[in-house]
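S.K.: Fold the following.
(one chain, ligands or ions: 3)
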Amino acid sequence: MNVSDQTLLLHLGGKLEVTPKIKIRTRDDLSRVYTPGVAKVCMAIHEDPASAFSLTIKRNTVAVVSDGTAVLGLGNIGPAAAMPVMEGKAMLFKELAGVDAFPICLDTQDPDAIVEIVRALAPGFGGINLEDISSPRCFEIERRLQELLDIPVFHDDQHGTAVVLIAALMNAAKCVGKKLGDMRVVVCGIGAAGMAIVKMLHSAGVPVVIAVDREGILSGAKTYDNIAWQWCAEHTNPEGIEGGLADALRGADAFIGVSGPGVLKPEFVRGMAADPIVFAMANPEPEIRPELLEGIAAVVGTGRSDYPNQINNVLCFPGIFRGALDCRASRITEGMKLAAARAIAAVVTEQQLNPEYIVPSVFNADVVESVRRAVVNAAYADRVARRVDKREPADEI
Ligand SMILES: NC(=O)c1ccc[n+]([C@@H]2O[C@H](COP(=O)([O-])OP(=O)(O)OC[C@H]3O[C@@H](n4cnc5c(N)ncnc54)[C@H](O)[C@@H]3O)[C@@H](O)[C@H]2O)c1
Ligand SMILES: O=C(O)C[C@H](O)C(=O)O
Ligand SMILES: [Mg+2]
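M.R.: Ligands and ions are numbered 1, 2, ... in the order given. Predicted structure coming up:
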């Protein structure tokens, strides 16, 4: 790596800073924002804890928490090396949705310690975005934290990815004239992202899902120590087929990769059903480079910004948290996630939809607002919204 590398230069000193909203010019200002005036505000919150949402930054803050165990597809590179990704996520939260997000990288890989630390730091936050925590530890960490906290705990690599994937699949299916309800879909890489994708494919009505990981097709004939793999063995692959990825893909309508680089070969795609859909979402290097699929696949997407159809959780997490914060949701429900997926898909109009444009651009300003509205409405419908105002809250972000 070169010291003049543009990307490294851009990161000198990090990508974020904290900026006060009020100027302190006089002694009067000082006694209001700080002691003695601030004491009155502290006591107001002490008497009515819910007022923390109106009197502190809690109404607009999200903690982006990682332990550095599954950073992009780079693996267990530790908390310090995870910081640039978490700073990047925090930037996107602010730039795209006005959310004040804090990158927090923890120097422990012990699930009990992570749960206790995040529980203890939650009072100043309106939401917790877990990021790049390896599976299967991530499932337990998320579940336990959501049980302990009354603010949304959302593991982005699971649910953000699944939401955007479902949006992409809805639109890709339209492009090739197929229905989700008739599809045969292969998911490769049953980790954080893969597990949530499999579950959401079920909720979206896909009848045949086949899950593949390093040991090949997950099958009910075997038992697995990994809880995600065991769940898939019991709930997917209804025909009980066995073998590797090539076997799984024979006759399949879609490949969804959230595994690692170079896993998919063009010849496997040639064995798929007519008009194959290939979503190679491993970052930074996908399961297959799109140029290898020219003339073979009907629709191709990756997680990267340098190819068409960027299927990346950045299309979801800013809007879903914007909506959750605006209605003060206590959690993020299945209904809110499906509403977000439909909203992302619907940003691409029938006229615009084509195999190279199935998901909106990250820069499309309609995405966050559409997701926000859909999520707020679903939160009220699912009775997890705690803001008294109805539906169109929080223009005063
Ligand atoms: N595009 C997006 O928005 C997006 C979102 C989340 C994750 N991802 C990417 O998806 C990948 C997985 O992320 P994760 O958070 O689920 O990680 P994870 O570590 O939780 O899971 C990865 C899974 O893939 C499996 N795997 C790895 N190599 C494999 C291979 N050669 N064949 C079959 N299975 C293999 C692993 O055994 C593991 O179960 C990463 O590359 C990540 O960057 C992309
Ligand atoms: O960070 C990204 O670009 C997407 C995703 O969260 C990942 O871990 O790959
Ligand atoms: Mg991630």
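
S.K.: what about the one residue in the chain that gets nearest to ligand 2, which SS state?
M.R.: Residue nearest to ligand 2 within the chain (CB to the nearest ligand atom): Asn283, separated by 3.6 Å. The C-beta positions use only the backbone N, C-alpha and C, and glycine is treated the same way. Local secondary structure at Asn283 is given as coil here, using DSSP: H, G, I helix; E, B strand; the rest coil.

S.K.: now the one 3 residues further on
M.R.: Three-state secondary structure (criterion: three-state DSSP) places Pro286 in coil.

S.K.: Check Leu12 too.
M.R.: Applying three-state DSSP: Leu12 is coil.

S.K.: Do you have the helices of the stretch 201-350 of the chain handy? List them.
M.R.: Assigned by DSSP state H, counting those that start in this stretch, the stretch 201-350 of the chain shows helices spanning 227-235, 245-249, 266-270, 317-326, 334-347.

S.K.: sorry, back to before: the residue of the chain closest to ligand 2 and Asp306 touch, don't they?
M.R.: No - counting by CB atoms under 8 Å, Asn283 stays clear of Asp306, with 11.8 Å between them.

S.K.: Quickly list what's touching both of these two.
M.R.: With contacts defined as CB atoms under 8 Å, 6 or more residues apart in numbering, no residue is shared by Asn283 and Asp306.

S.K.: And the two? Which one has more around it.
M.R.: Between Asn283 and Asp306, counting by other CB atoms under 10 Å, Asn283 is the more crowded of the two (18 against 7).

S.K.: Tell me which residue in the stretch 1-150 of the chain sits closest to ligand 3.
M.R.: Going by CB to the ion, ligand 3 is nearest to Asp132 of the stretch 1-150 of the chain, at 4.4 Å.

S.K.: Now for that residue: which residues touch it?
M.R.: Ser66, Gly68, Thr69, Ala70, Val71, Leu72, Ala82, Val85, Met86, Asp157.

S.K.: 6 Å instead, please
M.R.: Asp132 sits next to Ser66, Ala70, Val71 when contact means CB atoms under 6 Å, 6 or more residues apart in numbering.

S.K.: ok, which residues in the stretch 151-300 of the chain are in contact with ligand 2?
M.R.: Asp156, Asp157, Asn283 (CB under 6 Å from any ligand atom).

S.K.: Which one of those is nearest to ligand 3?
M.R.: For these, the nearest to ligand 3 is Asp157 (4.3 Å; CB to the ion).
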